[in-house]
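In: Turn this into a model:
(chains A and B)
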Amino acid sequence: GNSVTQMEGPVTLSEEAFLTINCTYTATGYPSLFWYVQYPGEGLQLLLKATKADDKGSNKGFEATYRKETTSFHLEKGSVQVSDSAVYFCALLDNTDKLIFGTGTRLQVFP
Amino acid sequence: NAGVTQTPKFQVLKTGQSMTLQCAQDMNHNSMYWYRQDPGMGLRLIYYSASEGTTDKGEVPNGYNVSRLNKREFSLRLESAAPSQTSVYFCASSEWLAGASYNEQFFGPGTRLTVL
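Out: Predicted structure coming up:
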């Protein structure tokens, strides 16, 4: 079946450090891929998306590239800020329009 | 435009009590969803409704019922709450836009439920 695996957290970084959160998926075909972000006490918000192989999604300085060969969609940011502290979820949209989520990775950024 | 709203924000129940979680969206979306979020497990789909008048089970439906009251509202009912239902519950809605290659789900702020 479809599944998403992402690295366990928490990820703890100093401000301006480089961020990578790994995400790999198992799916039939080529699903759309997403990163959602959850700030403390809030619901999930779509951060970025990619709908086909080699697409790069980007938003707010975050980027992720849809890699068909490695079935991966790693999230990166060149210089994190304290305000980026949140939980990040990788997800895929299956062929029945349902989102399959990874377990989430907590990012903590310290000044 | 409030998006997706949920009530209540917090709730404490005793084992065996019942309650209904309310969800409403003002984006005229056809599809609505209920998820639960547990530590280390991400979000898991409880029930969804592809359109007004239809509901289907998701990954973890046991112990829950839903009602798609109209296009705007989708409620989740716990008939006899159990401690295993302690969780954060999220409602979401979505719609395929003409010409789009994906549909984006919009989430409510969540309801934190504790069952003692």
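In: Where in chain B is the helix or strand with the lowest mean pLDDT?
Out: The helix or strand of chain B with the poorest confidence is strand B:105-107; it has a mean of 92 (mean pLDDT, DSSP states H and E).
In: Contacts for it next, please.
Out: Under the criterion Cβ atoms under 8 Å, 6 or more residues apart in numbering or on different chains, residues A:43-46, A:99, B:3-4, B:25, B:27, B:29, B:33, B:90-94 lie in contact with strand B:105-107. Every residue, glycine included, has its C-beta placed from N, CA and C.
In: what's in contact with the next helix or strand after it?
Out: Going down the chain from strand B:105-107, the next helix or strand is strand B:111-115, by DSSP states H and E. With contact meaning Cβ under 8 Å, 6+ apart, strand B:111-115 is reached by B:6-15, B:19, B:21, B:78, B:81-89.
In: Is it possible to mark the buried ones in the residues you listed?
Out: Restricting the contacts of strand B:111-115 to buried positions leaves B:Q6, B:Q11, B:L13, B:L21, B:L78, B:A81, B:Q85, B:T86, B:S87, B:V88, B:Y89, with burial counted as 16 or more other Cβ atoms under 10 Å in any protein chain shown.
In: ok, now how distant is A:K77 from A:Q45?
Out: Distance, A:K77 to A:Q45, using Cβ to Cβ, to the nearest Å: 16 Å.
In: same question, A:T71
Out: Distance, A:T71 to A:Q45, using Cβ to Cβ: 25 Å.
In: And the strands in the chain, which stretches?
Out: Unless you meant another one, I'm taking chain A. Assigned strands in chain A, in chain order: A:3-6, A:11-14, A:19-21, A:23-26, A:32-38, A:44-50, A:56-59, A:62-65, A:75-77, A:86-93, A:99-101, A:105-110 (criterion: DSSP state E).
In: was after chain B, sorry
Out: With DSSP E, the ranges of strands along chain B come out as B:4-7, B:10-13, B:19-25, B:31-38, B:42-49, B:56-57, B:65-68, B:74-78, B:87-94, B:105-107, B:111-115.
In: For stretch B:16-27, buried residues please.
Out: B:L21, B:Q22, B:C23, B:A24, B:Q25.
In: likewise stretch B:91-99?
Out: For stretch B:91-99, the neighbour count (16+ other Cβ under 10 Å) marks B:C91, B:A92, B:S93, B:S94 as buried.
In: Residues contacting it, please?
Out: A:44, A:97, B:4, B:6, B:21, B:23, B:25, B:27-35, B:74, B:76, B:103-108.
In: cool, stretch B:21-28 as well?
Out: For stretch B:21-28, using Cβ under 8 Å, 6+ apart, the contacting residues are B:1-8, B:11, B:32, B:34, B:71-78, B:89, B:91, B:93, B:95, B:106, B:108, B:111, B:113.
In: rerun that using 7 Å as the cut-off
Out: B:1-7, B:32, B:72-76, B:89, B:91, B:93, B:106, B:108, B:111 (Cβ atoms under 7 Å, 6 or more residues apart in numbering or on different chains).
In: circling back to that earlier point, neighbour count for A:K77 and A:Q45, which is higher?
Out: Neighbour totals were compared for A:K77 and A:Q45, and A:K77 leads with 20 against 13 (other Cβ atoms under 10 Å in any protein chain shown).
In: A:N59 is in contact with that one, correct?
Out: No. A:K77 is not in contact with A:N59 according to Cβ atoms under 7 Å; the separation is 10.2 Å.
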